[in-house]
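K.L.:
Pasting the sequence and the predicted coordinates here, then a few questions.
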Amino acid sequence: MNKYRALILNSPGARGERFFIQSLNLAGFDPEVLDVQGVLDYRIDMEQLCLKYRLVVLPGGSPYSSILGGGKALALKIEHAFRWNLSKFAERGGLVLGVGTGFQTLLHLKVFGEDYTLRTNPTAQVQERWVRAIPSGNRCVWLKGLGALDLPVNMTDTEFVIEPGAMVEARGKLERLGMACLKSSDQEQVLGLCDLTGRILGMQPHPEYFLSWIHSEDWVLNPTRAAAPGQGLPLFENAAKSLE
């Protein structure tokens, strides 16, 4: 069986591509890393994107760090230079994952609708910690059948917010349609969104950093589990299963 081809879109300031390569290889994908200029050089337009790849990954980090804000410049590149429509890519059977600032890029592209953003945490410093994320609903193919996930967060944009003027309507839409697919353990914070197809997932925690139990912050307390898979790997395995 041929492996599904996956594109990891790299850009200045992005990081974690080697972890995504490992994640996708373990799940049965054939990953390829291209930077923004490479996409333009190879003339990968919307039609080529749909023909060549089944999955697109937008890594976190600080891509095109600028006064435009996290993820904004990359979103402009995708929309206006590449002329990609990731919503249509998903409708044609593709998968998209945006993590950390990659999630912010998806928010700028409005794939989940209007009125949502990520806000810089009060300290304006990079937070490196672990969170317990709880899948919610059954719309998202990435999270299908998964229970609570302990995953690392490593970013400054750590709080999902809804524009105050649209709070009731927008939050109601997310809940009613099952798009608020990943929440904090107390159910108060949204940690991830999926689109209406369930094939585009934007999330704050990093599944690519927890592929093996030895990546856990407390694995030394239970060294017998050293060879066990981490809790981030099943997301990528679910993605591959959804393409079968």
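P.N.:
Sure thing, it's come through.

K.L.:
which residues of this structure score low on pLDDT?
P.N.:
Per-residue confidence for the chain (pLDDT under 70) gives these ranges: 1-2, 63-69, 119-127, 155-159, 163-165, 219-221, 223-226.

K.L.:
Tell me the bridge partners for the residue nearest the centre of it.
P.N.:
Geometric centre of the chain, nearest residue: G98, 2.6 Å, by CA atoms, centre = their mean. Beta-bridge pairing of G98 under DSSP bridges involves L58, G202.

K.L.:
residues contacting it?
P.N.:
Each residue near G98 by CB atoms under 8 Å, 6 or more residues apart in numbering is listed here: V57, L58, Q104, T105, L106, I200, L201, G202, M203. (Each C-beta comes from the backbone N, C-alpha and C, glycine too.)

K.L.:
Closest one of these to V161?
P.N.:
Q104 (11.8 Å; CB to CB).

K.L.:
Longest strand in this protein, by number of residues?
P.N.:
As assigned by DSSP state E, the longest strand anywhere in the chain is strand 127-135.

K.L.:
in its sheet, what does it sit against?
P.N.:
strand 149-155 (antiparallel), strand 182-184 (antiparallel).

K.L.:
among those strands, which is nearest L118?
P.N.:
From the strands paired with strand 127-135, taking CB to CB, the stretch that ends up closest is strand 149-155, at 8.4 Å.

K.L.:
hmm, who's touching the closest one?
P.N.:
60, 100-101, 126-135, 204-207, 209-210, 216-217, 231-232.

K.L.:
again with stretch 90-97
P.N.:
Stretch 90-97 is contacted by residues 49-50, 53-58, 86, 89, 106, 111, 141-142, 195, 197, 199-203, 235, 239, 242-243 when judged by CB under 8 Å, 6+ apart.

K.L.:
Repeat the analysis, applying 7 Å as the threshold.
P.N.:
Applying CB atoms under 7 Å, 6 or more residues apart in numbering, the contact partners of stretch 90-97 are 50, 53-57, 86, 89, 142, 195, 197, 199-201, 239, 242.

K.L.:
do stretch 188-197 as well
P.N.:
Against stretch 188-197 from outside (CB under 7 Å, 6+ apart): 87, 90-91, 111-112, 131, 133, 139-140, 160, 174, 177, 179-184, 200-205.

K.L.:
All set, thanks.
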